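Colleague: With the input below, show me the fold.
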Amino acid sequence: MDVNTEAVLYSKNADTQLYPASITKILTTLLACENLNAKTNITVSEKASTSVTAGDSSIYAAPGEKFTRDQALMAVMLQSANEMSVAVAEEVSGSVKKFAELMNWRAKLFGCKNTHFNNPNGLPDENHYTTASDMAKIAKSAWLNPLFRRYCTKRYYEIPPTNKFAEARQLLNHHKMMAGRDYAYDGVLGGKTGYTDAAGATLITYAKRGNMTLVAVVMNSVNGAWADTKSLLDYGFD
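Modeller: Sure, this is the predicted structure:
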């Protein structure tokens, strides 16, 4: 999709309902950008801290650990930290349930017709699904928020020691098409990766050449989505 005109340049199975995995965090981060100010401090609840299981993306935040808004959202977007997504949701809406209601309301405003979110991080849930077309609408709307762009395009970020953790945490953006990475692609600005067994690999990518900004959405990929995204961007820019 062309971000500036909303023209869809290429689509395949655009309205098939699929599991999004961690590209869900684009909407979570956007809602946090809209509802939290720079001075907000986020304290990780017991519930948020214990919401992750072994192997999940996480920064291993402890109950009672305090983060600034920027630290929390960098953890969500770069490290894909599932427990921090829950902590952010609780800070914005008071509970995951209330936050999911906000997500669904916002998605409808963006024109999403085949989407239902049930959590802020995209962990497997049969009531948590979207489509490539709906996800492109969400991603496009998020890109128009300057604060969101700051988190989504950051390649590296360091969270200094906190009240519960004595060492700095180093976060490296998981998007491998950004400059200097394994699948670097000219013009890629950032985006969000995702993966669960149920969802396969999911990937949202923002890229700009000249005056054209594109967003590419790949869902349920078996090969990591990098090659498909390259093909989409090549086609879009050509």
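
Colleague: Tell me which helix or strand comes right after the longest helix along the chain.
Modeller: With secondary structure taken from DSSP state H, the chain has its longest helix at helix 96-109. Downstream of helix 96-109, the first helix or strand assigned by DSSP states H and E is helix 132-143.

Colleague: All the strands of the chain, residue numbers only.
Modeller: Applying DSSP state E to the chain gives strands spanning 41-43, 66-68, 156-159, 169-172, 188-196, 200-209, 212-221.

Colleague: Let me know which of those strands is the nearest to residue 122.
Modeller: Smallest distance to residue 122 across these (CB to CB): 6.0 Å, for strand 188-196. C-betas here are computed from N, CA, C, even on glycine.

Colleague: Can you spell out which helices and strands pack onto that closest one?
Modeller: If contacts are counted by 3 or more CB pairs under 8 Å, 6 or more residues apart in numbering; DSSP states H and E, strand 188-196 sits against helix 25-35, helix 146-152, strand 200-209.

Colleague: JSON lines please, covering these and showing mean pLDDT and distance to residue 60.
Modeller: As requested, those are arranged in JSON lines below (pLDDT from 0 to 100; distance: least, CB to CB, whole Å):
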{"stretch": "helix 25-35", "mean pLDDT": "98", "distance to residue 60": "17"}
{"stretch": "helix 146-152", "mean pLDDT": "98", "distance to residue 60": "20"}
{"stretch": "strand 200-209", "mean pLDDT": "98", "distance to residue 60": "24"}
